[in-house]
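Asker: coords below, sequence missing:
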């Protein structure tokens, strides 16, 4: 390999070379059991996109809902963009998520089942467009959370032991 050539990045191998992570909802993976996921677009105004490009967004309290055949994202906190002055946006307004009609019927309608909810798992740019990975989730009980943590630590210990050998 010459000096100009470099090894391909891991990101390129997976096919995600046009994807840039903005925010991830780590707490959702702990609090909920993710049953299914879907990628959907999100309707934003210009100052919101500028704030997202700076990486300032909070998904901790966010959730999705279906209303009149449309999917909406609530409580996603995108702070105001300081240079936008009078053309700024509301920080916690509800934002429309873009899905095809069939996807809404198939995926989001499952959210009406007892104990299931729509939770945004991560927010990212893909080919210049803002996308949300939305998951249908079922809440975990305290004992389930403890079991999962035990299982994760056991797996981590096994992986460490295998790397040492």
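Answerer: Perfect, thanks for sending it. Every value quoted in this text rests on a predicted model; they were computed, and no experiment measured them.

Asker: what residues are up against the closest residue in space to residue 50 that isn't next to it in sequence?
Answerer: Once flanking residues are discounted, residue 50 sits nearest to residue 81: 4.7 Å by CB to CB, 6 or more residues apart in numbering. Glycine gets a C-beta too; all of them are placed from N, C-alpha and C. The neighbourhood of residue 81, defined by CB atoms under 8 Å, 6 or more residues apart in numbering, consists of 47, 48, 50, 51, 54, 88, 89.

Asker: next one: the residue nearest to the spatial centre of the chain from residue 100, what distance?
Answerer: Geometric centre of the chain, nearest residue: residue 122, 1.4 Å, by CA atoms, centre = their mean. To residue 100, residue 122 is 21 Å away according to CB to CB, to the nearest Å.

Asker: likewise for residue 127?
Answerer: In terms of CB to CB, residue 127 sits 18 Å off from residue 100.

Asker: one more: residue 87?
Answerer: 31 Å.

Asker: also residue 52?
Answerer: 23 Å.

Asker: cool, residue 56 as well?
Answerer: From residue 56 to residue 100 the distance is 30 Å (CB to CB).

Asker: of the two, give the one with the bigger neighbour count.
Answerer: residue 56 (15 against 10; other CB atoms under 10 Å).

Asker: how about the more buried one, phi and psi?
Answerer: Backbone torsions for residue 56, taken as degrees, to the nearest 10, come to phi -110, psi 100.

Asker: my read: it touches residue 80, true?
Answerer: No: using CB atoms under 8 Å, residue 56 is not in contact with residue 80; the gap is 9.7 Å.

Asker: C-terminal to the helix or strand bottoming out on mean pLDDT in the chain, what's the next element?
Answerer: Ranked by mean pLDDT, DSSP states H and E, the weakest helix or strand in the chain is helix 10-13, scoring a mean of 38. Going down the chain from helix 10-13, the next helix or strand is strand 19-24, by DSSP states H and E.

Asker: tell me which residues of that following strand are tucked away?
Answerer: Residues of strand 19-24 classed as buried: 22, 23 (neighbour count, 16 or more other CB atoms under 10 Å).
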